[in-house]
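S.K.: I'll drop the sequence and a predicted model, then ask my questions.
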Amino acid sequence: DTGVSQNPRHKITKRGQNVTFRCDPISEHNRLYWYRQTLGQGPEFLTYFQNEAQLEKSRLLSDRFSAERPKGSFSTLEIQRTEQGDSAMYLCASSRVQAASEKLFFGSGTQLSVL
Amino acid sequence: GQNIDQPTEMTATEGAIVQINCTYQTSGFNGLFWYQQHAGEAPTFLSYNVLDGLEEKGRFSSFLSRSKGYSYLLLKELQMKDSASYLCAVRFYSGNTPLVFGKGTRLSVIA
């Protein structure tokens, strides 16, 4: 169990550029979640996958955001035409099963700064 | 909505006991989690409650009252390393719904 891995740890970009983040979940976990966290706030849900299927997207998620999990293993989150308001920590989490009691294991996140 | 409320900040003395409260809407409640998050790091799981009562795990305990929509995290024998944010998160309805997090309580442990 090597834990949830996220790359890059930090990303600085200019407004209007596209960025892509990667998440490698714990290997036997079939659920993968993306959350966003800003300073002084709790994680805010963006979207999640069960295997390769994207099951839910937050209503807050702009059309500029897209996520994929093509083979049910790693996932990517892309933000197109970044805006300063996109600056945040993007957290990935995984879990093994879909039971209500199943806890999430989080990665260390990708800190995005949009200048 | 699914508001989850926690105090923003708390300060406590090394060696003391601190209680961090969390309130949430009761409709659809299906489990409550506490996570610890040190600055710049990933949230890590502390405890899970779905039935009323107290769950004890070493220096940390978590309490739940489903009828009141209330939980607390109790930290005993505080250590400097306990300085962190403590996140209350609730599962509503089924295991197919994502965890909803509160804003977190930033705890500072002072000497």
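M.R.: Yep, that arrived. Keep in mind that what you see is a predicted model, and the values were worked out from it rather than measured.

S.K.: Apart from its chain neighbours, what residue comes closest to the residue of chain A found nearest chain B?
M.R.: In chain A, the residue that lies nearest chain B is A:Gly42 (3.5 Å; C-beta to the nearest C-beta). (Each C-beta comes from the backbone N, C-alpha and C, glycine too.) What sits nearest to A:Gly42 in space, not counting adjacent residues and going by C-beta to C-beta, 6 or more residues apart in numbering or on different chains, is B:Phe101, at 3.5 Å.

S.K.: so how many other residues sit close to the one you found?
M.R.: 22 (other C-beta atoms under 10 Å in any protein chain shown).

S.K.: Kindly report the same for the one 5 residues further on.
M.R.: The number of residues packed around B:Arg106, counting by other C-beta under 10 Å, is 18.

S.K.: what's across from it in the sheet?
M.R.: B:Glu9, B:Ser85 (DSSP bridges).

S.K.: Is it in contact with B:Thr8, as I believe?
M.R.: Yes - using C-beta atoms under 8 Å, B:Arg106 is in contact with B:Thr8, at 6.8 Å.

S.K.: Overlap of the contact sets of the two?
M.R.: Listed as contacting both B:Arg106 and B:Thr8 by C-beta atoms under 8 Å, 6 or more residues apart in numbering or on different chains are A:Gly40.

S.K.: how about the residue of chain A closest to chain B, secondary structure?
M.R.: coil (DSSP: H, G, I helix; E, B strand; the rest coil).

S.K.: what residues does the lowest-mean-pLDDT helix or strand in chain A touch?
M.R.: Lowest by mean pLDDT, DSSP states H and E among the helices and strands of chain A is strand A:53-57, with a mean of 92. Among residues not part of strand A:53-57, those counted as contacts by C-beta under 8 Å, 6+ apart are A:Leu46, A:Thr47, A:Tyr48, A:Phe49, A:Ala67, A:Glu68, A:Arg69, B:Asn96, B:Thr97, B:Pro98.

S.K.: Kindly report the same for stretch A:42-52.
M.R.: A:30-38, A:54-58, A:60-61, A:65, A:67, A:69-72, A:75, A:77, A:91, A:98, B:4, B:43, B:87, B:89, B:98-104.

S.K.: Equivalent analysis for stretch A:3-15, please.
M.R.: A:19, A:21-26, A:82-84, A:90-94, A:105-115, B:42.
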